[in-house]
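Student: missing the sequence, but the structure's below:
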């Protein structure tokens, strides 16, 4: 297979997964958007976490909320827990890498806040620990996962939202995650501003 055909296959596989996932994910994405809307309109904040590409997604989502998405509006309270290298390295060094997000959630999270927890496998120990910490702080969780949801799916409470991309390829899952994050931003803006 030549390189151009490989690239075309990536586009095709990505588009096909998104089309397959749309009917399954539309309602959980809408519910997640409502959770975040309720949070930020009641003086809460959204804490976001993930590793690697999911860390970049957490930062992307926080930036879209804090600054703007597609419409002008006041900034919304969102913090990516992935960005402060001093905090991350001190926790990882003094305690354990599995606690880099949970210690921040316990310190920053308040009842009424929300957590966006992202892991393509659903099994990232530090993200699972962040979910437990969020529950301790009476926070609702929106979990963005792939495959079968992993351990994250099993630790969510009934009031939490699971958005699980039914695929095995990390790249394809991340592509749907990015679209999902844009949908969440759009739902929040729609509920705030209308059409």
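Tutor: Structure's in. What do you need? Not measured: the values here are computed from a predicted model.
Student: which SSE is immediately downstream of the lengthiest helix in the chain?
Tutor: If you go by DSSP state H, the chain has its longest helix at helix 3-41. Downstream of helix 3-41, the next assigned helix or strand under DSSP states H and E is strand 46-49.
Student: the following helix or strand past that following strand: which residues count as buried?
Tutor: Sequence-wise, the next helix or strand beyond strand 46-49 is helix 53-66, with elements assigned using DSSP H and E. With burial defined by 16 or more other CB atoms under 10 Å, the residues of helix 53-66 counted as buried are 53-62, 64-65. For glycine as for every other residue, the C-beta is placed from the backbone atoms N, C-alpha and C.
Student: quick one: helix 53-66 to helix 3-41, angle?
Tutor: For helix 53-66 and helix 3-41, the angle between their directions (axes from the mean of the first three to the mean of the last three CA atoms, to 10 degrees) works out to 50 degrees.
Student: now stretch 73-91: mean pLDDT?
Tutor: The average of the pLDDT scores along stretch 73-91 is 97.
Student: that stretch: end-to-end distance?
Tutor: Separation of the first and last residues of stretch 73-91 by CA to CA, to the nearest Å is 35 Å.
Student: which residues are contacting it?
Tutor: Outside of stretch 73-91, the residues that reach it under the criterion CB atoms under 8 Å, 6 or more residues apart in numbering are 40, 44-51, 55, 58-59, 61-63, 65-68, 97, 99-101, 103-105, 108, 130, 188-189, 192-193.
Student: buried ones among these?
Tutor: The buried subset of these (16+ other CB under 10 Å) comprises 40, 44-51, 55, 58-59, 61-62, 65, 99-101, 103-105, 130, 188-189.
Student: reformat the buried residues of helix 53-66 into JSON lines and put distance to residue 87 and pLDDT next to each item.
Tutor: Written out in JSON lines, the entries for those read as follows (distance: CB to CB, whole Å; pLDDT from 0 to 100):
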{"residue": "53", "distance to residue 87": "21", "pLDDT": "97"}
{"residue": "54", "distance to residue 87": "18", "pLDDT": "98"}
{"residue": "55", "distance to residue 87": "13", "pLDDT": "98"}
{"residue": "56", "distance to residue 87": "18", "pLDDT": "98"}
{"residue": "57", "distance to residue 87": "19", "pLDDT": "98"}
{"residue": "58", "distance to residue 87": "14", "pLDDT": "98"}
{"residue": "59", "distance to residue 87": "14", "pLDDT": "98"}
{"residue": "60", "distance to residue 87": "20", "pLDDT": "98"}
{"residue": "61", "distance to residue 87": "19", "pLDDT": "98"}
{"residue": "62", "distance to residue 87": "15", "pLDDT": "98"}
{"residue": "64", "distance to residue 87": "22", "pLDDT": "97"}
{"residue": "65", "distance to residue 87": "20", "pLDDT": "98"}
